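[1] my questions are about this predicted structure, shown below with the sequence.
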Amino acid sequence: MKTVVRALIGSFFIHLVYYGFPFVNGYVKTVFYQPEFSSESAAVSVLQNDVAFGGEWIDPFAFSLSFFSIAALCGLLFTCLKKASARRER
């Protein structure tokens with residue numbers, strides 16, 4: 001049971017990094033962005049009037065499948081590491 005809980009926690013943190021990094025990266029780029037008006041004033045173009053807000057929609061089935069697949073891989077990894085460390089102790 002301990003391995004299952006560790007595998008689920010490992011999968012949670014892997015998914016947190018995978019889905020959270022683009023958010024943090026975009027936020028940091030937005031905060032520190034400083035446009036250069038002098039170099040872009042020569043090429044003026046018309047911008048679109050509509051702005052789309054939101055992000056990519058994540059399919060719940062695919063997310064669940066991904067979450068539990070990564071949890072199974074983490075569980076397999078933890079089990080192999082546990083057996084390898086038990087062999088070293090002998």
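    Perfect, I can see it now. Numbering: from 1, shown residues only.
[2] helix, strand, or coil at Gln48?
    At Gln48 the chain is in coil, as set by DSSP: H, G, I helix; E, B strand; the rest coil.
[3] which stretches in the protein count as helices?
    2-31, 37-40, 60-89 (DSSP state H).
[4] hey, least reliable of those helices by pLDDT?
    Mean pLDDT is lowest for helix 37-40 among these, at a mean of 66.
[5] now the helices of the chain in CSV, with mean neighbour count?
    For glycine as for every other residue, the C-beta is placed from the backbone atoms N, C-alpha and C. What follows is these, written out as CSV (neighbours: other Cβ atoms under 10 Å):
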stretch, mean neighbour count
helix 2-31, 12
helix 37-40, 8
helix 60-89, 12
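[6] now tabulate those helices in JSON lines and tack on distance to Asn49.
    Formatted as JSON lines, those follow (distance: least, Cβ to Cβ, whole Å):
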{"stretch": "helix 2-31", "distance to Asn49": "21"}
{"stretch": "helix 37-40", "distance to Asn49": "20"}
{"stretch": "helix 60-89", "distance to Asn49": "34"}
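[7] out of those, flag the one nearest Gln48.
    Set against Gln48 and scored by Cβ to Cβ, the helices of the chain come closest in helix 37-40, at 17.0 Å.
[8] ok, the spatially most central residue of the chain to Phe78 distance?
    In the chain, the centroid-proximal residue (Cα atoms, centre = their mean) is Tyr18; its distance is 1.1 Å. Distance, Tyr18 to Phe78, by Cβ to Cβ, to the nearest Å: 19 Å.
[9] what does Val17 give?
    In terms of Cβ to Cβ, Val17 sits 18 Å off from Phe78.
[10] please apply the same query to Gly20.
    Counting by Cβ to Cβ, the gap from Gly20 to Phe78 is 23 Å.
[11] with Leu65 instead?
    20 Å.
[12] do Pro35 as well
    Using Cβ to Cβ, we find Pro35 at a distance of 48 Å from Phe78.
[13] then Glu89?
    Using Cβ to Cβ, one gets 17 Å for the distance from Glu89 to Phe78.
[14] and if you look at Ala84?
    According to Cβ to Cβ, Ala84 stands 11 Å off from Phe78.
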